[in-house]
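# Would you be able to build a 3D model of this:
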Amino acid sequence: MTNVLITISTYAIQIFRFIVDCMMKLGVVKSHAAQLADVLIEADVRGHYSHGLNRLDMYIGDVVKKVCKTDGTPTVLKERAGSAWVDGNNLLGPVVGNFCMDLAVKKAKESGVGWVVAKGSNHYGICGWYVLRAMKQGVMALSLTNTSPVMYPTRSSKPALGTNPLSLGASGTGGDSFLLDMATTTVAIGKVLLHRNNN
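Here you go, the predicted model:
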């Protein structure tokens, strides 16, 4: 069993370096590239292959096409004790997601609740990553996002709804925990694309 864990760990380190190197070649700052790598690797480790290394090409395309900025920091536009509105400044989604969840956790610890909403973000990977990040700091968490329309409502000839993924989780006693990470559609669009690409 130890050899299996060492092998997985070695591959994860190599994949992390590969993702960071790819993104830095495009001008993405190292800290942003590392945040993206963390999310993609966690997705693969958790069995969400549709949102792991498989998505690297999409993020590369977003940077090449100037959909995302390669450097910067999200900005807090407005805040109260338990809430904030953030402009992600069109950065990589994981950078914005981490910033927002860290701010929400800080507010939750100070005020009992932390509700943070972002605009100007991009695809941020699996929602569960952000919930796990909060759970490690001892709080219950919810993370959700919208997506482009890909789902056809009943009797519609055009897509009008997104997959709108969500995740929620809480730590229990004795090391137990609960984590839900799902799309609100029958299947996540990433899984459809993964199967299409694999024929």
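# where exactly do the helices run in this protein?
Counting by DSSP state H, the chain has helices at residues 2-25, 30-45, 56-64, 93-111, 127-135, 189-197.
# most packed of those?
Compared across the helices of the chain, helix 127-135 shows the largest average neighbour count, a mean of 24 (mean count of other C-beta atoms under 10 Å). (Glycine included, C-beta is placed from N, CA and C.)
# picking up where we left off before, okay if I get the helices of the chain as JSON lines plus mean pLDDT and distance to residue 161?
Converted to JSON lines, the helices of the chain look like this (pLDDT from 0 to 100; distance: least, C-beta to C-beta, whole Å):
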{"stretch": "helix 2-25", "mean pLDDT": "85", "distance to residue 161": "31"}
{"stretch": "helix 30-45", "mean pLDDT": "97", "distance to residue 161": "23"}
{"stretch": "helix 56-64", "mean pLDDT": "98", "distance to residue 161": "21"}
{"stretch": "helix 93-111", "mean pLDDT": "99", "distance to residue 161": "20"}
{"stretch": "helix 127-135", "mean pLDDT": "97", "distance to residue 161": "17"}
{"stretch": "helix 189-197", "mean pLDDT": "78", "distance to residue 161": "11"}
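# Can you check which of those gets nearest to residue 121?
Nearest to residue 121 among the helices of the chain is helix 93-111; the distance by C-beta to C-beta comes to 4.0 Å.
# what does that closest one rub up against?
32, 35-36, 38-39, 73-74, 76, 81-84, 86, 88, 113-118, 120-125, 129-130, 133-134, 137, 139, 141, 143 (C-beta atoms under 8 Å, 6 or more residues apart in numbering).
# Which entries within those meet the buried criterion?
Among the contacts of helix 93-111, those buried by neighbour count (16 or more other C-beta atoms under 10 Å) are 32, 35-36, 38-39, 74, 83-84, 86, 88, 114, 116, 118, 121-125, 129-130, 133-134, 139, 141, 143.
# Including distance to residue 147, could the helices of the chain go into a markdown table?
Output for the helices of the chain, formatted as a markdown table (distance: least, C-beta to C-beta, whole Å):
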| stretch | distance to residue 147 |
| --- | --- |
| helix 2-25 | 22 |
| helix 30-45 | 16 |
| helix 56-64 | 13 |
| helix 93-111 | 11 |
| helix 127-135 | 11 |
| helix 189-197 | 7 |
